[in-house]
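Peer 1: Here you go, sequence then predicted model.
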Amino acid sequence: REFLDEHLAGRTVDRVLPLAVSVLKTYDPPLTALEGQPTGPVARHGKFLDLRIGGLHLVTHLARAGWLRWQDALPAQPPRPGKGPLALRLVLDDGAGFDLTEAGTQKRLAVYVVHDPQEVPGIARLGPDPLAAGFDRDAFAALL
């Protein structure tokens, strides 16, 4: 999370290229709504990664075989869909960005574009986060 916070700060999304439609779990707002929007802070909700982009959130769950691969200079040519493990590419205004890939055969990588992270079913079901700053003995005792 910290790596992405540092590398996304002050940048704008140029384009988002979906290469495996199966990873997209939402259709409204569309991925194109992220284009031209400034990047914001990155958060974690359990195993979900939440990238604030403009007034939206790009939320991903990498599942068991998913990877986020950062590149300071992505290739200029868009990749061809269906070739290899590449599922989604996010390109920033300076040519840097990342690829979401899934090496496994089960294809459980998930990408959501939402107004609020609570719209993602897996996040909405989460309980208290024991790694949160406000989670202490008193908070734990109150849950019991």
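Peer 2: Structure received.
Peer 1: what's the burial count for the closest residue to K47 other than its chain neighbours?
Peer 2: Closest residue in space to K47, ignoring its immediate chain neighbours: H61 at 5.9 Å, by Cβ to Cβ, 6 or more residues apart in numbering. In this view, the C-beta of every residue, glycine as well, is placed from N, C-alpha and C. H61 has 20 neighbouring residues, counting by other Cβ atoms under 10 Å.
Peer 1: what bridges to H61?
Peer 2: Here H61 sits in beta bridges with F48, A110, going by DSSP bridges.
Peer 1: Quick check: it touching D50?
Peer 2: No. H61 is not in contact with D50 according to Cβ atoms under 8 Å; the separation is 10.4 Å.
Peer 1: can you give me the helices for the protein?
Peer 2: With DSSP state H as the definition, the chain shows helices at residue ranges 2-8, 121-124, 137-143.
Peer 1: what packs against the first one?
Peer 2: For helix 2-8, the packing partners by 3 or more Cβ pairs under 8 Å, 6 or more residues apart in numbering; DSSP states H and E come out as strand 39-45, strand 48-53, strand 66-71.
Peer 1: 7 Å instead, please
Peer 2: strand 39-45 (3 or more Cβ pairs under 7 Å, 6 or more residues apart in numbering; DSSP states H and E).
Peer 1: which other residues reach the strand it packs on?
Peer 2: 1, 4-5, 8, 11, 13, 49-53, 117, 123, 126 (Cβ atoms under 7 Å, 6 or more residues apart in numbering).
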